[in-house]
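Peer 1: When you get a sec, could you give me coordinates for this:
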Amino acid sequence: MPNAQCPMPHAPCPMPYSPCPMSTKPRDVQVFPIATDTTVLRSRSWSRLRFEIEYALAKGTTANSYIIQGDKLALIDPPGETFTQIYLNALQQRYDVKAIEYVILGHVNPNRAATLKALLEVAPQITFVCSNPGAIALRGALENPDLPILVMRGDETLNLGKGHDLQFIPTPNPRYADLLCTYDPQTEILYTDKFFGAHICGDQVFDEGWESINEDRRYYFDCLMAPHARQVETALDKLADFPARIYATGHGPLVRYALIELTKAYREWSQQQTSADLTVALIYASAYGNTATLAQAIARGITKAGVAVESINCEFTDPEDIRAAVEKSAGFVMGSPTLGGHAPTPVQTALGIVLATATNNKLAGVFGSFGWSGEAVDLIESKLKDAGYRFGFDTIRVKFKPNDVTLQLCEQAGTDFAQTLKKAKKVRSQSVPATTVEQAVGRIVGSLCVLTAKQDDISSAMLASWVAQASFSPPGLTIAVAKDRAVESLTHTGNQFVLNILKEGNHLGLMKHFLKPFGPGQDRFANVATQEAENGSPILNDALAYLECSVKNRMESGDHWLVYATVENGKVLNQDGVTAVHHRKSATHY
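Peer 2: Numbering: from 1, shown residues only. Next comes the predicted model:
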């Protein structure tokens, strides 16, 4: 594929789906024609760029930008400041940047300001094209109230000549109130920005062999889209009116081969959320994106536990919609930045609505970020405590930008919040005896093990008994991991873990330790004797044996993930011991 580092940038790379030999730098720009008059510029990073929950798989990312060369030249979604210079270099090698007439923005991210300013220096005649909320954000990000902007509300078109008569589809949600998709009927390309993407980096432009990245696409959806499932369904209805042969995504491979399957999957994943029995209203505002990142991590923890989230950015939401969401929710979580020692006015308004609407038997939670002080978080917490609300997790206060450990804490806090709601509902429900089928399934016996994992500064563990050998060559096993387990986020394809097999007669202490509830971010290994495995995960010194494993793939199985891993190393620590096993009377619980 043509590449910004290649010595002959207009010639095709001789290895079309292998890494280009000149692409050895951590970041580069890959350039490839995808349709008539249309080219993608993929700014690539093989390392993780920011501390945000959807990047947690750490497989790198691409920031996809597009050029349409009609009679007029239009640029779609230039990347953020991480790529500004290499992107402009690649752009200037192939196009007369001074001739760019339009820059179309599917989403106005303040991170793009550096690139947009650099473009304006070269081509001051540029007219920006975005949604109305995008125009407001853009003028603020570029500190220019007089920017030439075409605001697209859904009925307008933009004729670039040569048949490229672009149409625009607003697809807002609480996290991205300005989202705008673009459709080119000439090429039948739908520019989807945040929709249908994945954070993975590679040389493949399109999604041949798309089954291999299903896990990445699902994770991206769960992090970014699941908290806005109702708005995602509305967007899918709108996009269905535009027959596309390519989804030109903002991140990851472009969608050509899995168009039908991925669209159907988005619909099914959204319906899983909108049909959930329990809903949490997640109400927040965000000044610099940090509080929104915390909200996203908390939402991820809630949804992975099987509870739906109604995400509400109170800066862009009508008070009646906030009231309706709080009324139907089983609990609510509020987040705020602190600006000038106060909560922003939209947060104060939302807090008043919550206090007037939510009965105090609803579960509550509070979080927020701040620069120098956290008065807004303290205000919300004190008002809710004074009103008699119970809290589903300890209030989360984060100074400046969250890191990986903070995001893990937020995700676990969200999961704990959801589990508390589910337990309360279960207690209220009448107890039903196990059926004969459930009793029979419960007689399946499993070995008692502890799965331990560590990735950078994040570690976790769980007691496991649904374990089975799955292959001889290579030696492999399967293990079922509940979706709401904290360690689940460390068992994706490519992750490594240790399976510690417990010894009969010596297992009760470890079993009780890892069965007890842990608070968000709490050290699972405090007062437990461990040593470090070759893959970095903890080995329990009192285990009968241990296996160092590498996750090869996983399959969604109801409320669990079935993880298949190969064994890379292992050792029996006690040759005279026997494996502890777990006997159950019902298949309805562990």
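Peer 1: list the buried ones in stretch 288-299?
Peer 2: Buried positions in stretch 288-299, judged by neighbour count with 16 or more other Cβ atoms under 10 Å: 289-299. Backbone N, C-alpha and C define where each C-beta goes, glycine included.
Peer 1: how far out from the middle of the chain is that stretch?
Peer 2: Computed by Cα atoms, centre = their mean, to the nearest Å, the chain-centroid distance of stretch 288-299 equals 11 Å.
Peer 1: repeat for stretch 214-221
Peer 2: With Cα atoms, centre = their mean, you get 8 Å for stretch 214-221.
Peer 1: As CSV, the buried residues of stretch 288-299 with distance to Phe206 would be great.
Peer 2: As requested, these are exported to CSV (distance: Cβ to Cβ, whole Å):
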residue, distance to Phe206
Gly289, 31
Asn290, 35
Thr291, 36
Ala292, 31
Thr293, 30
Leu294, 35
Ala295, 33
Gln296, 28
Ala297, 31
Ile298, 35
Ala299, 31
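Peer 1: From those residues, pick the one nearest Gln348.
Peer 2: Thr291 (14.7 Å; Cβ to Cβ).
Peer 1: and the closest one, that one's in a helix?
Peer 2: Yes: counting by DSSP: H, G, I helix; E, B strand; the rest coil, Thr291 falls inside a helix.
Peer 1: residue contacts, it?
Peer 2: Each residue near Thr291 by Cβ atoms under 8 Å, 6 or more residues apart in numbering is listed here: 284-285, 335-337, 367-369.
Peer 1: which regions of the stretch 401-550 of the chain sit below the pLDDT cut-off?
Peer 2: 427-431 (pLDDT under 70).
Peer 1: Figure out how far stretch 518-534 is from the centre of its chain.
Peer 2: Counting by Cα atoms, centre = their mean, stretch 518-534 comes out at 26 Å from the chain centroid.
Peer 1: buried set for it?
Peer 2: 518, 520-521, 524-525, 528, 530, 533.
Peer 1: what's the first-to-last distance across it?
Peer 2: 26 Å (Cα to Cα, to the nearest Å).
Peer 1: how many other residues sit next to the nearest residue to Asn132 once chain neighbours are set aside?
Peer 2: Leaving aside its chain neighbours, Asn132 sits nearest to Val151 (5.1 Å; criterion: Cβ to Cβ, 6 or more residues apart in numbering). A count of nearby residues for Val151, using other Cβ atoms under 10 Å, gives 16.
Peer 1: cool, Gly209 as well?
Peer 2: Other residues close to Gly209 by other Cβ under 10 Å number 12.
Peer 1: Helices along the chain, start to end?
Peer 2: 84-94, 113-122, 132-141, 214-224, 229-239, 259-274, 290-304, 319-328, 345-357, 375-386, 404-428, 436-441, 508-515 (DSSP state H).
Peer 1: Export those as JSON lines, with columns for distance to Leu544.
Peer 2: Shown next, in JSON lines, are these (distance: least, Cβ to Cβ, whole Å):
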{"stretch": "helix 84-94", "distance to Leu544": "53"}
{"stretch": "helix 113-122", "distance to Leu544": "56"}
{"stretch": "helix 132-141", "distance to Leu544": "58"}
{"stretch": "helix 214-224", "distance to Leu544": "32"}
{"stretch": "helix 229-239", "distance to Leu544": "44"}
{"stretch": "helix 259-274", "distance to Leu544": "39"}
{"stretch": "helix 290-304", "distance to Leu544": "31"}
{"stretch": "helix 319-328", "distance to Leu544": "50"}
{"stretch": "helix 345-357", "distance to Leu544": "52"}
{"stretch": "helix 375-386", "distance to Leu544": "46"}
{"stretch": "helix 404-428", "distance to Leu544": "29"}
{"stretch": "helix 436-441", "distance to Leu544": "26"}
{"stretch": "helix 508-515", "distance to Leu544": "11"}
